[in-house]
Structures are given as C-alpha cells and as structure tokens.
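Visitor: The sequence isn't on hand, but the structure is:
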C-alpha cells in the first residue's frame, strides 16, 4: 500500500536523531547505483496510489529512502536530458548536446569518468547517453561508462529489450576489483516505445482503473495504450528488485546510494519532448540505508544537472567548475521533510531541435520557467508546427495508437496536442496541473507573467544561453545524427 505524506512525516520525526549522513560502513567509500528509466512519467508508481501499476521495488526504495516531489529535467528528450545528468550542466550549456540525436562534445568532464579516475569501478548497461554520436568527438565508450551488455533474456512482451539489465549488473559486480567502490548506470530502454498493443488488457489490467489526463480523449483506446505502457514500467521494476537482491547478497545494500529516476515523461502526445508539466517533471526516489533519515518527502526543486555534483560530493570529491548544478547532499543530510532549502524554488526548461522533419530540419525553440504555482512558456517560432510538420508525420511525437486516434479527429484534443501555439503561454499549476487553460491573455495575470518572463531571461543570460547572448544561430548549425529518412529533404525527394 502507498505510504501517505502524513506517515512519511511521522516516520521522519521518529528518526530525526539520525539526521546526518553516517560514516560509510567499515570506512568503505559509498557506491552509486543510478537507475534511469526511458520515458517514465512522474508519480507513475503504485507507491503514489496509481491503481493500474504495481511497482513494489520502487515502493521499497521510496519507503526506505527519500522521495522528491519536484524533480525536473531542463530538456524533456532522451539525449539532451542525459547530457545534463552527465555533465552537471543545463541543456543550453552543453553545446551540441542541447539537441536530440546530435554529437556529444568532449568539452566537459562527466561524473562517471571523474569517479573512475578517483578509483571507482564504473560501468553501464543499456541506454547511457543517446541517441547520438559520441565517438566522433573522441569518446572511447559511452560517456555514462564502459558497457556491460552481454547478458540477455527473453522479454515478457514484444517491443521490450532483451537486455537482462539486472544480470548485467551482477556481471559488473562480479568483475569489480576487491575493495573498490562502484558507480553503475543502469539505463533501461523501457517504457520507451514500441509496445505490444493490447498486452495490458490481456494481462488482466482494467481499463476502468485508468484516469486519462484532460489533454487526451477519455476513451478505451487511450486507456489501453496507457496500460501497455504500464507493463513496461512494471518490467523495469522487476529488474530493480533483482538489482537490490544482488546488492544484499554482496553485503553492499546499505553502502550504496540507489537513485531511481527517468529522463522525461511518457512517450505520448503532449508529454515526451513537449514543454509542459508532464513532459519535464520526473520521478525521483533515493535510498541510502541508515545513512540518511528514511521515510521523507521533500518538495525542494531538484534539477537533473544536480545529480553529478551530488554524486561527486558523496564520493568525497569536489565538482569541477564546469558543473553548474548544485549538490543536494545537504538536503539529504538534513533529516527534514517538506521544504528544506527555500532557494530551490525555480526551474528553467529549454528546447531547441528534437526530432527532424521540418524544412531545413529546423527545430522548435522554447524556453520556460517553472515555479511552485506557475509555468510560463516562450515559444520563439509560433508560426511553426510545434510537434513536427503534418507532411512528415509530426516526428516530434512517437508513433502510437493514441497519436493516430488524436490525429484522426480535428477537435480540441488535436489542437492541444498538435496545433500551433502562441508566442507566450502561462499556466496556473495549482488549479490546472494538466496545463490546458492558458492564462497568458488574462489581464489578472499580466504582472505575474511579466515577472516570470523577466526572471527567466535574467537566469538564461547569467547562464550563457546562446539564445540570449547574440549567438542563437549556433543552434541551427547542430547536425542531426539520426535516421536520414526522417529528414525534410528525404521526404521531399520521395514525393
């Protein structure tokens, strides 16, 4: 059963005596297990009371650790989000890596390499940074670490990877030199599409249990698609459970910080790759045994660029000056729930080019700022289709039964998911968490919107965003490394 916020706070009060991070057991340096799902939305776990999901192992990490309610990526697409995690920099600070399916520059140190140089046993299974090309810039292996991918299995449903992530983690542990701490990136490719259509219903999941967000039609086709997604989330959770068992057998569970999160929201229209709340708001639970006060819910804003400096501080290392993120070890050590660091109250989000398919393979640049109550969005090319060109199939949205259905009905749902957007949007998240009631032209919010716009632009200027320092043309030079048949030029050629 999910644990209520009240019980979280009660547990925290009972444990306040141990409010600081303990010395690692037997003087050993702490291990880091970074478990990142591919396209997993915030709060999609049974821990949060979702009836169409069973995630007992995530629930265990949440109960025995800390849950963060406000964790965000600065760019809700696979490779840009993962670049921020690795480099400790916001998306617009990662040069070519700001765009999806690009190259990974070698200008910035990444935390796995730093830990490897400091004596950690480092590894990766599954999806690290990507998709894109890291070899062209001189990387010998994925920036997330050397690969451990030889163990395979027969996945339970079509479309899932045959990578036995948990077995590959066990293989990694078996190859660890005696006495070395480890840093492992476990990057599943689920619940990324494609799915086995109808598998969720055939597995016994109930359509009636699904609550559909207000930006999609409330029908059984959409619900069935969501239940297919749920099976892949549950498969991830089973791998997480087996990984925890491996740590227990090795005697390393309580000396390992387990971080469970995602790169961005689910692969559905108006979520993945889109600058709305459900696209960039991601789950985060952290377990570190008795080294932190357990059973807490923290509301501080955590940015994906904060992971790298946090891991380095945990290992007793100083983050390099290139990392603009801020370690949240102090928040973990505090023993407190709710708001711990009041300065963690804002998130800035960006998008340049995700997938291609527009003339010249141009992007759809966006900047946004998210506070406790509001989301302000600035769309820089409002005359362009935001989810990709109709002629090339709206390539900025993954193909799915949900996408096909919404595209077949030229109604308000089509407008919400695929229609052109105004230059400015404003959403009051407290009353409109689905971001469907734009308040940008409501005079009652005029001063609020101006204040958010000014605050966003000030942050972006200070952080060297090329769009605000006279070098926005740089973004148009970033080459696409993905499938060529998606490009506008190839589409024109084949007409």
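Guide: Received it, and whenever you're ready, just let me know what you need. Keep in mind that what you see is a predicted model, and the values were worked out from it rather than measured.

Visitor: ok, for residue 393, nearest residue in space, not its chain neighbours?
Guide: residue 357 (7.0 Å; C-beta to C-beta, 6 or more residues apart in numbering). Backbone N, C-alpha and C define where each C-beta goes, glycine included.

Visitor: Quick one: neighbours of the one you found, just the number.
Guide: 22 (other C-beta atoms under 10 Å).

Visitor: if I pick it, what's in contact with it?
Guide: Taking C-beta atoms under 8 Å, 6 or more residues apart in numbering, we find residue 357 in contact with 388-389, 392-396, 486-488, 491.

Visitor: out of these, who's nearest residue 57?
Guide: Of all these, residue 396 has the smallest distance to residue 57: 32.5 Å, by C-beta to C-beta.

Visitor: gap between the residue nearest to residue 393 and residue 485?
Guide: Counting by C-beta to C-beta, to the nearest Å, the separation of residue 357 from residue 485 is 10 Å.

Visitor: same check, this time on residue 276
Guide: Residue 276 is 28 Å from residue 485, by C-beta to C-beta.

Visitor: The two: who's more crowded?
Guide: Neighbour count, other C-beta under 10 Å: between residue 276 and residue 485, residue 276 has more, with 22 against 10.

Visitor: At which residues are the helices of the chain located?
Guide: Applying DSSP state H to the chain gives helices spanning 5-14, 56-63, 78-87, 111-117, 165-174, 199-202, 220-249, 277-280, 307-314, 329-333, 401-407, 412-418, 446-462, 488-493.

Visitor: Mind checking these for the one nearest to residue 32?
Guide: helix 307-314 (5.3 Å).

Visitor: what angle separates that closest one from helix 78-87?
Guide: Between helix 307-314 and helix 78-87, the angle comes out at 30 degrees (axes from the mean of the first three to the mean of the last three C-alpha atoms, to 10 degrees).

Visitor: what packs against helix 307-314?
Guide: If you count contacts as 3 or more C-beta pairs under 8 Å, 6 or more residues apart in numbering; DSSP states H and E, helix 307-314 packs onto strand 31-37, helix 78-87, helix 111-117, strand 256-262, helix 329-333.

Visitor: Contacts for it next, please.
Guide: 30, 32, 34, 85-88, 110-111, 114-115, 183, 257, 259, 318-319, 323, 325-329, 332.

Visitor: quick one: buried residues of it?
Guide: 307-314 (16 or more other C-beta atoms under 10 Å).

Visitor: between these, which is closest to residue 135?
Guide: After measuring the buried residues of helix 307-314 against residue 135 - C-beta to C-beta - the closest member comes out as residue 308, at 21.9 Å.

Visitor: picking up where we left off before, now the contacts of residue 357 as a markdown table including distance to residue 286?
Guide: As requested, the contacts of residue 357 are exported to a markdown table (distance: C-beta to C-beta, whole Å):
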| residue | distance to residue 286 |
| --- | --- |
| 388 | 36 |
| 389 | 41 |
| 392 | 41 |
| 393 | 39 |
| 394 | 36 |
| 395 | 35 |
| 396 | 32 |
| 486 | 37 |
| 487 | 40 |
| 488 | 43 |
| 491 | 44 |
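
Visitor: Neighbour count, pLDDT and distance to residue 124 for these - can I get that in a markdown table?
Guide: Conversion of the contacts of residue 357 to a markdown table gives the following (neighbours: other C-beta atoms under 10 Å; pLDDT from 0 to 100; distance: C-beta to C-beta, whole Å):
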| residue | neighbour count | pLDDT | distance to residue 124 |
| --- | --- | --- | --- |
| 388 | 23 | 93 | 30 |
| 389 | 18 | 92 | 35 |
| 392 | 21 | 91 | 33 |
| 393 | 16 | 93 | 32 |
| 394 | 22 | 94 | 32 |
| 395 | 23 | 93 | 28 |
| 396 | 27 | 94 | 27 |
| 486 | 18 | 74 | 26 |
| 487 | 20 | 77 | 29 |
| 488 | 19 | 75 | 34 |
| 491 | 18 | 71 | 35 |
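
Visitor: for these, which one is nearest residue 48?
Guide: residue 396 (28.1 Å).

Visitor: Just list the residues touching the closest residue to that closest one other than its chain neighbours, thanks.
Guide: Sequence neighbours aside, residue 388 is the residue nearest to residue 396 in space, at 4.2 Å (criterion: C-beta to C-beta, 6+ apart). By C-beta under 8 Å, 6+ apart, the contact set of residue 388 is 355, 357-358, 394-397.

Visitor: Report the two members of those residues separated by the largest distance.
Guide: 358 and 397 (13.5 Å).

Visitor: Tell me which of those two has more neighbours.
Guide: Neighbour totals were compared for residue 358 and residue 397, and residue 397 leads with 26 against 21 (other C-beta under 10 Å).

Visitor: Let's check: the centremost residue of this structure is which one?
Guide: For the chain, residue 263 is the residue whose C-alpha lies nearest the centre (C-alpha atoms, centre = their mean; 2.1 Å).

Visitor: out of everything not next to it in sequence, what's closest to that residue?
Guide: residue 81 is the one closest to residue 263 (C-beta to C-beta, 6+ apart), at 4.2 Å.

Visitor: need the contact list for the one you found.
Guide: Applying C-beta under 8 Å, 6+ apart, the residues contacting residue 81 are 73-75, 91, 263-264, 304.

Visitor: try 7 Å this time
Guide: By C-beta atoms under 7 Å, 6 or more residues apart in numbering, the contact list for residue 81 reads 73, 75, 263-264, 304.

Visitor: Would you mind putting those residues into JSON lines with distance to residue 271 alongside?
Guide: Formatted as JSON lines, the contacts of residue 81 follow (distance: C-beta to C-beta, whole Å):
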{"residue": "73", "distance to residue 271": "12"}
{"residue": "75", "distance to residue 271": "14"}
{"residue": "263", "distance to residue 271": "12"}
{"residue": "264", "distance to residue 271": "8"}
{"residue": "304", "distance to residue 271": "17"}
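
Visitor: Looking at the residues you listed, which one is closest to residue 472?
Guide: residue 75 (16.1 Å).

Visitor: Pull the contacting residues for that closest one.
Guide: Counting by C-beta under 7 Å, 6+ apart, residue 75 has contacts 81, 84, 91, 98, 349-351.

Visitor: pLDDT at the spatially closest residue to it that is not a sequence neighbour, what is it?
Guide: Nearest residue to residue 75 in three dimensions, chain neighbours excluded: residue 91, at 3.7 Å (C-beta to C-beta, 6+ apart). What the model reports as pLDDT for residue 91 is 97.

Visitor: Surely residue 91 touches residue 80?
Guide: Yes - when contacts are counted by C-beta atoms under 7 Å, residue 91 is listed as touching residue 80 (5.1 Å).
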